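Colleague: Here is the input, now give the coordinates:
(chains A, B, C, D, E and F)
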There are 6 protein chains.
Amino acid sequence: MMYINDETIERFLKEDVSYIDLTTLVMGIGNEKGQICFTTREDMVLSGVEEVLRIFGKLGIKTIQSLPSGTIIKSGETFIIAEGLASNLHMAWKVSLNILEYCCGIATRTKRLVDKARSVNPKISIVSTRKSFPGTKELVIKSIIAGGAFPHRLGLSETILIFKQHVNFLGDFEGLSQIIGQIKINACEKKIIVEVENETEAMLIAGTDIDGLQFDKVPISDLRSLVEKVRHINPQLTLIAAGGINESNIEGYASTDVDAIATSSVYFGKPADIKVTIDKY
Amino acid sequence: MMYINDETIERFLKEDVSYIDLTTLVMGIGNEKGQICFTTREDMVLSGVEEVLRIFGKLGIKTIQSLPSGTIIKSGETFIIAEGLASNLHMAWKVSLNILEYCCGIATRTKRLVDKARSVNPKISIVSTRKSFPGTKELVIKSIIAGGAFPHRLGLSETILIFKQHVNFLGDFEGLSQIIGQIKINACEKKIIVEVENETEAMLIAGTDIDGLQFDKVPISDLRSLVEKVRHINPQLTLIAAGGINESNIEGYASTDVDAIATSSVYFGKPADIKVTIDKY
Amino acid sequence: MMYINDETIERFLKEDVSYIDLTTLVMGIGNEKGQICFTTREDMVLSGVEEVLRIFGKLGIKTIQSLPSGTIIKSGETFIIAEGLASNLHMAWKVSLNILEYCCGIATRTKRLVDKARSVNPKISIVSTRKSFPGTKELVIKSIIAGGAFPHRLGLSETILIFKQHVNFLGDFEGLSQIIGQIKINACEKKIIVEVENETEAMLIAGTDIDGLQFDKVPISDLRSLVEKVRHINPQLTLIAAGGINESNIEGYASTDVDAIATSSVYFGKPADIKVTIDKY
Amino acid sequence: MMYINDETIERFLKEDVSYIDLTTLVMGIGNEKGQICFTTREDMVLSGVEEVLRIFGKLGIKTIQSLPSGTIIKSGETFIIAEGLASNLHMAWKVSLNILEYCCGIATRTKRLVDKARSVNPKISIVSTRKSFPGTKELVIKSIIAGGAFPHRLGLSETILIFKQHVNFLGDFEGLSQIIGQIKINACEKKIIVEVENETEAMLIAGTDIDGLQFDKVPISDLRSLVEKVRHINPQLTLIAAGGINESNIEGYASTDVDAIATSSVYFGKPADIKVTIDKY
Amino acid sequence: MMYINDETIERFLKEDVSYIDLTTLVMGIGNEKGQICFTTREDMVLSGVEEVLRIFGKLGIKTIQSLPSGTIIKSGETFIIAEGLASNLHMAWKVSLNILEYCCGIATRTKRLVDKARSVNPKISIVSTRKSFPGTKELVIKSIIAGGAFPHRLGLSETILIFKQHVNFLGDFEGLSQIIGQIKINACEKKIIVEVENETEAMLIAGTDIDGLQFDKVPISDLRSLVEKVRHINPQLTLIAAGGINESNIEGYASTDVDAIATSSVYFGKPADIKVTIDKY
Amino acid sequence: MMYINDETIERFLKEDVSYIDLTTLVMGIGNEKGQICFTTREDMVLSGVEEVLRIFGKLGIKTIQSLPSGTIIKSGETFIIAEGLASNLHMAWKVSLNILEYCCGIATRTKRLVDKARSVNPKISIVSTRKSFPGTKELVIKSIIAGGAFPHRLGLSETILIFKQHVNFLGDFEGLSQIIGQIKINACEKKIIVEVENETEAMLIAGTDIDGLQFDKVPISDLRSLVEKVRHINPQLTLIAAGGINESNIEGYASTDVDAIATSSVYFGKPADIKVTIDKY
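Modeller: So this is what the prediction gives:
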């Protein structure tokens, strides 16, 4: 579903193993045959499995069994078993574990957010922001999709979201409202969305020919009535809540009747806890 | 102090801006001149600044003032001011913010850990593990150094740390103890360190010609007496505590008289909170 | 406005000059100082200039004067003058000329299309398709923007365009119409557009909650009435004409009252004709 | 016969699919099994097939049948059939089509030129110039070879072609004629060829110890007599016609008795017309 | 045991074959089937075989038999036999031969050094320095390991070796001796080694808490007594001899009772002599 | 004169410094200002200087003075002086020294060969083969040019050299002689050269319409008379001696009246001896 370039997969491996596993080399055990098993220590949503298997393939490690990204597993389940030479298993171990722990962590947090939000508002969409750690975008996008969310904006080049930092070049929101017609002509295939921070801005922009509003850090209680007011002006508007939304408050935001919630909170947080054994075979 | 390849810097930028900032393009504001300012919303240790300035350089954005990575700043301080065209400022904005928020977050958490540990044991070394998000290693290593820690192992190729996953190929720790002499000959320039999980393993290995022990997930109270016991056998041993050590328990671990504490906890956790303004100039 | 990675710029250079200009080497003229001038032999819109200047910079060639991409120039105008060593000027010559001739060709054809279409329908948007020669995307997108068009879809990851090749997995358009509601929930921030080839398909889909229709290869006369019919069903629909539209027929398509015309025709065709002189200085 | 690096193949794919096919994702059809078929809508020479199959391989798409580059096929022939998941087929579709349409277009135009020229002069060689779109060199060279031509110069580093832009550093052609002896010593393994634009230059250079002449933009009628004159001076000379030669005039140029015709015209022009179906399987 | 990235393998191939083997192309023999055999003309230790097989794999060449890196073979032994098309065999030939001749040369010289040194001092370790030709590090490290040596330092980032060029920033060795305690705290997991050039420096540093000394260019006779003296001060010290050590003098150095000998001499010297036949099959 | 990609320059640096110079870090001297000087310990021809200065530039090291590649310098001459921070100087030191020692070694050996050969035969050309260490081609080609030689063949794609390994697909040299006419048509812009090993092969091929012969490992005395014989058949033939030619026998080969001598011997051999000092400034 997502293809990550070989160059990237190899970069991950080389970050950890520039040349060799010196430990197996000096111990003289590199040519022994062994088996590696990955077992979760907590309930989780899998992600990153395919990338680990590609690392295995490069190192001549044969996968015996595995479950695909997106699978929901229980604490104690073993989800990858593979066999190879000790030197190769040790080269693969930590980078594989890191991919899995970070990716599964994100997928699992995403699933929790999606489930919480949908329990309140079954039609809501959870979308994840551009605030990921530089260097990790492919893995995080794969993981939020595994967890049931969609990407908000993958970058700047194909979607239109007008921030105050754009508006400042036009003076103010009044200035913006005057050119929305031209923006819609220029970009008739995209929705034009404006980020607003308060009712004044929201009402001003909702009265134009805009396609959507993103509410930044508006408290839940204010947002609820604000959604009602702007929908009253234009029921077609796409409405997105963003800014500081996480597991502790997502149900509240979901109940405001916005169409989507944009969140960064799934990207950081503790990696999943996965046990790795390597045994002589 | 660390040089990150141009290719990496450009990869970070391209993750977010594959081609253009469509928003400035369709708004027609791309050629306006503007100023971008980064201001912290919390006390923190700077990291990632040099990489942001290199992105600015590539985009023709002129840095007016900046503070270097490693600087400790207070909430409200502005630490980067730069000027350029609106199209370029908008292309630089988010990737720069992401670099800074993740890096400063790591540097700041690291500094807190180091300070806490040193307050108890001034000679202790805080070292950060290999458990970083694949794709981020250069940024995280730069950041933990900015925060006062050192890298534990940067990879598998130049240090020797013997895990149970290695020992299994020799049968058991008894098997390991028999080849430590040969390992030391093979790697006379490195310290040979073995990870142990309990007193039995620790005492067995401490009795060999090993250079150090890493204690994995040994509770603080057990560790304190264990350190004393192994030092009694061999006072020269390098002793490292690892496994689940973070801000909440690092002082306890620092008080066990180990030489170093290895931790992954600085790598994840909330990014620093930084405000970015872009204004017409 | 667009940043092309250094790696790409260097790849262009290396395609032509893997090591040296053997001719200047065996002639022994490499260290002579010279001047290179680029002069157009036809009226055109400039594109690719910034990339040529970056190649010059890498080769120690000093730009004396240049006009930016997007500038409209007349036959006979000199738009780049630069100075350097003969060996470097000869290394830079052909790759620079190739960049300019292909890019200016695209920009100029684009401008002609845009002008023709706007002369008939001033609010129409000309968008360029994904049908570019693999390996050239950054240059072609830069060039169509220089010529006044916008990108249609830069890729598959951030826009939604449903083709028959998608619909086949649902059976038929009827099957599609049944899940449009769910698609809109999943992607509330994007416009959902469907490609249709005839009136039956168009009317069926226009009756759903879709955001837009792309008409593939519908003859101008049919399209005119079809646009009227679907707008009658839903006046908010974004309507795009695509398939075989070029300089010879764009005015007709522009007169059908669609919102946008998607075209590939600007990508191929004769490169612009530019004269290069290199003289001893 | 030509190996294109994996990195390049993946770059082509990523140009179009940075992460996912969002359309299949939001439609929920990604895991359906399907079949993709490529069928030509015109007679043509195949090129680029092997690269498409490598993209398929990366995406887990299984090729059922295919014809190799260089095969001549008739309108209506299906030349690739493959099977895979809908998400992967849609990721592969457009980039594969683009590779094929551009490459087959070049191969087919090349074959036409070669056939026309050989019908007049069976011993003539058609060689393609360095004037290709930056970023496409491997694909175009593969394609002109598939069409029966050879590369003229692949770059600057291994062949010697002296242009007026080189001669200017020696004053004039007279100056050049004085150092040809030294150039031949320096490069005894290569033919030394000089580009000339008129009879004066041609006759002056033909009288030296040069290996060949390239005639730039000399009209056919002039060229015929000029070839005779220079062959009279030195029958061993390699003679090449270049500049503005294409399908409309190549027979005339071929009849001038030059050894080779260098052309860029095959590189641009309409891509081949290929139909792609994707069906549920 | 060592994984070299695909990108590197392909870079090696492209250094020699940017596009095609022009010779097979113009001879028209590219599609003939053939067999390639590599046979040594001298006794040697194999290295680089796996990389050659990966090049074969990329070019569709099927390996019939091969011996792994590290194998000791006699003059006249054939160690790789493979089959493929003439065009591919010719593309693979020279780059494969170059990899093998340089790598086997290094492995073989390494084995000779190791054998000579061990014949005098069975517990000595031979380590190879950082003085390799830029661009070759992976191949040379693989080769010295195949020959029985270990890497001295793979780079600057994970080991500590203090040179006079470092000491100069502290004034002199006296200045260094004062901060060794702090260095050991900062880097408790690594051995701290100092390079010294004479007895004065050696004795001064040996009296500190240092972990090892590297003797640079100390004559064998002086070194013998110096080793004794510093061991008298601290018998735990790791002692390394370096500087100008090669096949002609390594036995002398091995007899000085140092723990390790660091040498660069294996990196340069004549490549191994290997015969390649390619025959029609 | 040759441009090496930034990516390559950075790869050289990263081979040695993946992240940091740990030694300066743990010593706490990284921010001290210092000066680095490169001084030769032997007469030599410079090469690689420009690449070293680019590494300096990346690390913020300011070049104070330097001599360009190609300069002939005497033992004791300082040819680069630069200033920067201790951490950066130490990162730059060894990779710079390695580039210089290997490149200057090649350039100097090349100059010696050229001088020796020209002393006997002033019109002879010395060309260097494709037998370089994979990964080093740009540096070695730059260096042999600095030393006064030219590249023989830079790769397989632009020159034609027919080996026995090609001929085998045609049966024998007789088979080759029958298709030389067609080969010349296919490649009229290149010289067609055949490698021969003895008089029989030489005389057979010299009688065809071939452009040149390369004599492989023919002893000097045999070669002298053979050259005379083939020149008698065709005085225009380009004649090249190759195989085992080095400083010890090049004068003999130069005296055989061949046009060129192809050699690999300059690529290996001891690197030049250069002293580096780094001092506090």
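
Colleague: where does whichever residue of the stretch 151-281 of chain A sits closest to chain F sit relative to residue A:177, distance-wise?
Modeller: When scored by C-beta to the nearest C-beta, the stretch 151-281 of chain A has residue A:271 as its residue closest to chain F, at 22.0 Å. The way it works is simple: take the backbone N, C-alpha and C, and place the C-beta from them, glycine included. In this view, residue A:271 and residue A:177 are 45 Å apart by C-beta to C-beta, to the nearest Å.

Colleague: Kindly report the same for residue A:163.
Modeller: 15 Å.

Colleague: Which helix or which strand is home to the closest residue to chain D within the stretch 51-200 of chain A?
Modeller: Closest residue of the stretch 51-200 of chain A to chain D, C-beta to the nearest C-beta: residue A:141 (5.3 Å). Assigned by DSSP states H and E, residue A:141 falls within helix A:137-146.

Colleague: rewinding a little: now do the same for the residue of the stretch 151-281 of chain A closest to chain F: its pLDDT.
Modeller: What the model reports for residue A:271 is a pLDDT of 97.

Colleague: Residue A:281 now?
Modeller: Listed pLDDT for residue A:281 reads 87.

Colleague: Can you get me a residue count around it?
Modeller: 15 (other C-beta atoms under 10 Å in any protein chain shown).

Colleague: ok, now which ones touch it?
Modeller: For residue A:281, the contact set (C-beta atoms under 8 Å, 6 or more residues apart in numbering or on different chains) comprises A:33, A:34, A:35, A:83.

Colleague: What parts of the stretch 1-150 of chain A come near chain E?
Modeller: Taking C-beta under 8 Å from any C-beta of the partner chain as the criterion, the stretch 1-150 of chain A approaches chain E at residues A:6-7, A:10, A:13-14, A:17-20, A:25-26, A:30, A:58-59, A:87-88, A:91.

Colleague: From those, list the buried ones, please.
Modeller: Among those, those classed as buried by 16 or more other C-beta atoms under 10 Å in any protein chain shown are A:6, A:10, A:13-14, A:17-20, A:25-26, A:30, A:58-59, A:87-88, A:91.

Colleague: Take the residues you listed and keep only those in helices.
Modeller: The helices, defined by DSSP state H, take in A:6, A:10, A:13, A:14, A:25, A:26, A:58, A:87, A:88, A:91 from these.

Colleague: if I look at the spatially most central residue of chain A, how far off is residue A:97?
Modeller: What sits nearest the mean C-alpha location of chain A, by C-alpha atoms, centre = their mean, is residue A:144, with 3.6 Å. Counting by C-beta to C-beta, the gap from residue A:144 to residue A:97 is 20 Å.

Colleague: between the contacts of residue A:281, which has the most around it?
Modeller: In terms of neighbour count, residue A:34 stands highest of those at 23 neighbours, by other C-beta under 10 Å.

Colleague: is it fair to say that residue lies in a strand?
Modeller: Yes - according to DSSP: H, G, I helix; E, B strand; the rest coil, residue A:34 belongs to a strand.

Colleague: tell me the contacts of it?
Modeller: Listed by C-beta under 8 Å, 6+ apart, the contact partners of residue A:34 are A:83, A:84, A:85, A:86, A:89, A:278, A:279, A:280, A:281, B:168, B:169.

Colleague: Check the separation of the first and last residues in stretch A:269-281.
Modeller: Terminal residues of stretch A:269-281 are spaced 36 Å apart (C-alpha to C-alpha, to the nearest Å).

Colleague: That stretch: which residues count as buried?
Modeller: Residues A:269, A:271, A:272, A:274, A:276, A:278 are the ones in stretch A:269-281 that count as buried (16+ other C-beta under 10 Å).

Colleague: got TSV for those, with distance to residue F:227 too?
Modeller: Formatted as TSV, those follow (distance: C-beta to C-beta, whole Å):
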residue	distance to residue F:227
A:269	78
A:271	72
A:272	75
A:274	72
A:276	69
A:278	66
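
Colleague: and residue A:236, how many neighbours does it have?
Modeller: Using other C-beta under 10 Å, the number of residues around residue A:236 comes to 9.

Colleague: So for residue A:123, what's the nearest residue that isn't a sequence neighbour?
Modeller: Residue nearest to residue A:123 in three dimensions, not counting chain neighbours: residue C:185, with 5.2 Å by C-beta to C-beta, 6 or more residues apart in numbering or on different chains.

Colleague: Now for that neighbour: which residues touch it?
Modeller: For residue C:185, the contacting residues are A:123, A:125, A:259, by C-beta under 8 Å, 6+ apart.

Colleague: Likewise for residue A:192?
Modeller: By C-beta under 8 Å, 6+ apart, the residues touching residue A:192 are A:160, A:162, A:180, A:183, A:184, A:210, A:211, A:212.

Colleague: Select from the residues you listed every entry located in strands.
Modeller: Mapping these onto strands (DSSP state E) picks out A:160, A:162, A:212.

Colleague: Around chain D, which positions in the stretch 151-281 of chain A sit nearby?
Modeller: A:151, A:154, A:155.

Colleague: out of the residues you listed, who's near chain C?
Modeller: Near chain C, by the rule C-beta under 8 Å from any C-beta, you find A:151, A:154, A:155 out of those.

Colleague: tell me which of the residues you listed is nearest to chain B?
Modeller: Of those, the one sitting nearest to chain B (C-beta to the nearest C-beta) turns out to be residue A:155, at 5.0 Å.

Colleague: In terms of helix, strand or coil, where does that closest one fall?
Modeller: Secondary structure state of residue A:155, per three-state DSSP, is coil.

Colleague: mind listing what the residue lying closest to it once chain neighbours are set aside touches?
Modeller: Leaving aside its sequence neighbours, residue A:155 sits nearest to residue B:16 (C-beta to C-beta, 6+ apart; 5.0 Å). Residue B:16 makes contact with A:130, A:155, A:156, B:91, B:94, B:95, B:98, according to C-beta under 8 Å, 6+ apart.

Colleague: can you do 7 Å?
Modeller: A:130, A:155, A:156, B:94, B:95 (C-beta atoms under 7 Å, 6 or more residues apart in numbering or on different chains).

Colleague: again, but for residue A:20
Modeller: B:156, B:157, E:1, E:2.

Colleague: What about the second one, how many residues nearby?
Modeller: Think residue B:157. By other C-beta under 10 Å, 23 other residues sit near residue B:157.

Colleague: Give me the phi and psi for it.
Modeller: Main-chain torsions, residue B:157, degrees, to the nearest 10: phi -90, psi -10.

Colleague: what sits against it?
Modeller: Shown in contact with residue B:157 (C-beta under 7 Å, 6+ apart): A:17, A:18, A:19, A:20, A:22, E:154.

Colleague: Mind jotting down where the strands sit in the stretch 1-150 of chain A?
Modeller: In the stretch 1-150 of chain A, the strands defined using DSSP state E, counting those that start in this stretch lie at A:33-40, A:44-45, A:62-66, A:72-73, A:78-85, A:125-128, A:150-151.

Colleague: so can I have CSV of these showing mean pLDDT and distance to residue F:79?
Modeller: What follows is these, written out as CSV (pLDDT from 0 to 100; distance: least, C-beta to C-beta, whole Å):
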stretch, mean pLDDT, distance to residue F:79
strand A:33-40, 98, 53
strand A:44-45, 98, 60
strand A:62-66, 98, 54
strand A:72-73, 98, 63
strand A:78-85, 98, 48
strand A:125-128, 98, 55
strand A:150-151, 97, 54
